[in-house]
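S.K.: sequence and predicted model, in that order:
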2 protein chains.
Amino acid sequence: MLSQTEENYLKSLLHLAMEKEVGGDAIDAGKSARGDAGGEVGTNELAAYLGVKPASVNDMLKKLKEKKLVNYEKYGKISLTEEGRKKAIDVVRKHRLWETFLYEKFDFTWDEVHEVAEQLEHIQSAKLVDKLDEFLNFPAYDPHGDVIPNAKGEMPVVHKKTLQEEEVGHHCTMVAVKDNSAPFLQYVNKMGLSINNKIKVLARHSYDQLIEIEVNGKTCSISPRFAQNIVIVCDDCAKKKVKTKKG
Amino acid sequence: MLSQTEENYLKSLLHLAMEKEVGGDAIDAGKSARGDAGGEVGTNELAAYLGVKPASVNDMLKKLKEKKLVNYEKYGKISLTEEGRKKAIDVVRKHRLWETFLYEKFDFTWDEVHEVAEQLEHIQSAKLVDKLDEFLNFPAYDPHGDVIPNAKGEMPVVHKKTLQEEEVGHHCTMVAVKDNSAPFLQYVNKMGLSINNKIKVLARHSYDQLIEIEVNGKTCSISPRFAQNIVIVCDDCAKKKVKTKKG
DNA sequence: AAATAAAGTTAGATTAGTCTAACAAATATA
DNA sequence: TATATTTGTTAGACTAATCTAACTTTATTT
């Protein structure tokens, strides 16, 4: 069993590696993903990310190498082994499920969920995670619009954009909002929109720029300003999957 | 902020002190509670309870004394200060709320909840606890029939008995089951009974020993064997409250 | 290529929580 | 009361995770 600290090191390595793979922006049209899972990371970089000193990272790397969770040679770059990546993805899965839970069930705001999820992600209970997933109806995205890895550790790489940018006729999924003000969130709510909802873009009226969409069987019109603050993932665009296995 | 270990020491001291106050049995007709909150505990006893060596307890006691959470003099008995008791009750509250959550919302069984709640009780977030309480509709008892301290740290001392022992005409609250077999639980469920339900004993038929009860506005008859496996707390019997403050 | 800067490593110390083994105090018992 | 037993304490050591300060290697730059 891994300590919370070890889990945090693995998670951080995954995050840093993924930033290098697909670019770190929250909303990212998508620098094409490199196939290999091995975004390589340095000691100082990891130390800065974790808020510890490089010396501490060095000590921990020896331990994680011993446990075969990272690939690492003296003065070389650091990457996760398959096993390490699996563990890291599991932590990320738990983190994002808990964030979704807090947001959806306990009315936590977008910016409150992270801190508590940082604690909850370390709870050890496979049954709890399964039940949580089921309770939330197997969500695909967390409140930040990030993909929640599924139970198999699969984590599709998606291209986020705003609803304003979506093509007419396409189906998409709402994954986040860009404006977290109370008025906007209430407005979003009144329109019957929420995270993980399926949306179809029906039309775009050149006369006044309004966009007609269909959500939960109902049709409504939204302004460009509104659409620019809704983050979506296109369901009609090809998806690439990054799995636990390299390749 | 207390470490998880410190929290566990305080919680254990509270449990041991309470056992001495009211008797440790799960179901207890009730040795009358001593007014003072100071059930006194020894080093070896606490060590045995926590599964550590007396030397470790000794070290920790010095630390907790330093933080003014325990009263303790060399070779003397150990008790919680008011502050320590408050912290301990807060941990117990979280533990029992999480147990209730797992039991009610995630279909954990009676015997599965404890282990996971041992982890969840250390999550630091006042908002999370409040929301959890609200989400569960402010439950009074956990799945083991133990009282859940309220947000003010009040923890009424109750006298548990079986439904078989309850007087005709009295109102009571179901707090637990004694038989945790699947058939019994299904039967309980079919009768419309569940933990924290209010029950009124309408009659006791001497002819066949059946007990007539009212639950959620509906009337039904139960056998003595059934009644013996339902743990309740009488709502018509006087309650004593043990608060954070002594007295 | 030499000098400088950046990145990474090591040794030794620190803190929290634990242990063992030896010792001291309090209690029980003959 | 003297002895034995239980209970509690101390000293010294260990592990995990961190630090500082000194050092080494690799990369960059003139």
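M.R.: Here it is on my side, so go on.
S.K.: I'd say A:Thr5 and A:Val57 touch.
M.R.: No - distance between A:Thr5 and A:Val57: 11.3 Å, which falls outside the contact criterion (CB atoms under 8 Å). (Each C-beta comes from the backbone N, C-alpha and C, glycine too.)
S.K.: the two - which one has more neighbours?
M.R.: Neighbours were tallied for A:Thr5 and for A:Val57 using other CB atoms under 10 Å in any protein chain shown; the higher tally belongs to A:Val57 (24 against 14).
S.K.: residues touching that one, list them.
M.R.: Counting by CB atoms under 8 Å, 6 or more residues apart in numbering or on different chains, A:Val57 makes contact with A:9, A:43, A:46-47, A:50.
S.K.: can I get the residues you listed in JSON lines with neighbour count and pLDDT?
M.R.: Shown next, in JSON lines, are the contacts of A:Val57 (neighbours: other CB atoms under 10 Å in any protein chain shown; pLDDT from 0 to 100):
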{"residue": "A:Tyr9", "neighbour count": "28", "pLDDT": "98"}
{"residue": "A:Thr43", "neighbour count": "19", "pLDDT": "97"}
{"residue": "A:Leu46", "neighbour count": "22", "pLDDT": "97"}
{"residue": "A:Ala47", "neighbour count": "18", "pLDDT": "97"}
{"residue": "A:Leu50", "neighbour count": "18", "pLDDT": "97"}
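S.K.: now compare those residues and name the two farthest from each other.
M.R.: Set against one another by CB to CB, these have their most distant pair in A:Tyr9 and A:Thr43, with a gap of 11.6 Å.
S.K.: strands of chain A, residue ranges please.
M.R.: All strands of chain A, identified by DSSP state E, fall at A:70-71, A:79-80, A:155-157, A:160-162, A:171-177, A:198-204, A:211-215, A:218-222, A:230-234, A:240-242.
S.K.: format those as CSV; extra columns: mean pLDDT.
M.R.: Converted to CSV, those look like this (pLDDT from 0 to 100):
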stretch, mean pLDDT
strand A:70-71, 96
strand A:79-80, 96
strand A:155-157, 88
strand A:160-162, 94
strand A:171-177, 94
strand A:198-204, 96
strand A:211-215, 96
strand A:218-222, 95
strand A:230-234, 95
strand A:240-242, 50
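S.K.: dump the ones you listed to a markdown table, plus distance to chain B.
M.R.: Written out in a markdown table, the entries for these read as follows (distance: least, CB to the nearest CB, whole Å):
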| stretch | distance to chain B |
| --- | --- |
| strand A:70-71 | 26 |
| strand A:79-80 | 25 |
| strand A:155-157 | 24 |
| strand A:160-162 | 28 |
| strand A:171-177 | 21 |
| strand A:198-204 | 26 |
| strand A:211-215 | 27 |
| strand A:218-222 | 29 |
| strand A:230-234 | 25 |
| strand A:240-242 | 29 |
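S.K.: what is the least confident helix or strand in chain A?
M.R.: None of the helices or strands of chain A scores lower by mean pLDDT, DSSP states H and E than strand A:240-242, at a mean of 50.
S.K.: and stretch A:115-123, anywhere near DNA strand D?
M.R.: No - using CB under 7 Å from any atom of the strand as the criterion, no contacts between stretch A:115-123 and DNA strand D are found, and the smallest distance is 11.3 Å.
S.K.: report the beta-bridge partner residues of A:Ile199.
M.R.: The partner list for A:Ile199 in beta bridges (DSSP bridges) reads A:Cys172, A:Val215.
S.K.: which residue does chain A have closest to DNA strand C?
M.R.: Checking chain A residue by residue against DNA strand C with CB to the nearest atom of the strand singles out A:Gly42 as nearest, at 2.6 Å.
S.K.: for the residue nearest to that residue when sequence neighbours are not counted, report the pLDDT, please.
M.R.: Nearest in space to A:Gly42, with sequence neighbours left out and distances taken as CB to CB, 6 or more residues apart in numbering or on different chains, is A:Lys77 at 6.4 Å. Note for A:Lys77: predicted pLDDT of 94.
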